[in-house]
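J.: Structure for the following, please:
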Amino acid sequence: MASLAKDGSGWRILFASPDGKRRTIRTGRCAKKNAETARNMVERLIEARRLAAPIDPQTAEWLKAVDDTLRG
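T.: This is a model prediction of the structure:
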């Protein structure tokens, strides 16, 4: 559902939003492992929305911890 790509200023998470448009989240400079974690969490959020299911506790805790820019 979401993919991870390296660009000149860090990592990008590419995904299709519920409205069908391709979206990008730029993580900036960070370790690949952190970018992969963010990608996995984005995938979980998309899946929860698609299935109209609640967000699992681990994803909710991660979402609370990220900054407002990424959360938006």
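J.: State the number of residues packed around I55.
T.: When neighbours are defined as other C-beta atoms under 10 Å, I55 has 16 of them. The way it works is simple: take the backbone N, C-alpha and C, and place the C-beta from them, glycine included.
J.: That one contacts E61, correct?
T.: No. At 9.8 Å, I55 does not count as touching E61 under the criterion of C-beta atoms under 8 Å.
J.: Is C30 in a helix, a strand, or coil?
T.: Assigned with DSSP: H, G, I helix; E, B strand; the rest coil, C30 falls in the coil class.
J.: can you tell me how far it sits from E43?
T.: For C30, the distance to E43 (C-beta to C-beta, to the nearest Å) stands at 18 Å.
J.: which of these two has more neighbours?
T.: Neighbours were tallied for C30 and for E43 using other C-beta under 10 Å; the higher tally belongs to E43 (16 against 12).
J.: Ramachandran angles for the more buried one?
T.: Main-chain dihedrals, E43, degrees, to the nearest 10: phi -60, psi -40.
J.: Per-residue confidence, it, what does it come out as?
T.: With respect to pLDDT, E43 has a value of 91.
J.: so what's K32 closest to, chain neighbours aside?
T.: If the residues on either side of it in the chain are set aside, K32 comes closest to W11, at 7.2 Å by C-beta to C-beta, 6 or more residues apart in numbering.
J.: which residue sits farthest out from the middle of this protein?
T.: For the chain, the largest distance from the centre (C-alpha atoms, centre = their mean) belongs to G8, which lies 19.0 Å off.
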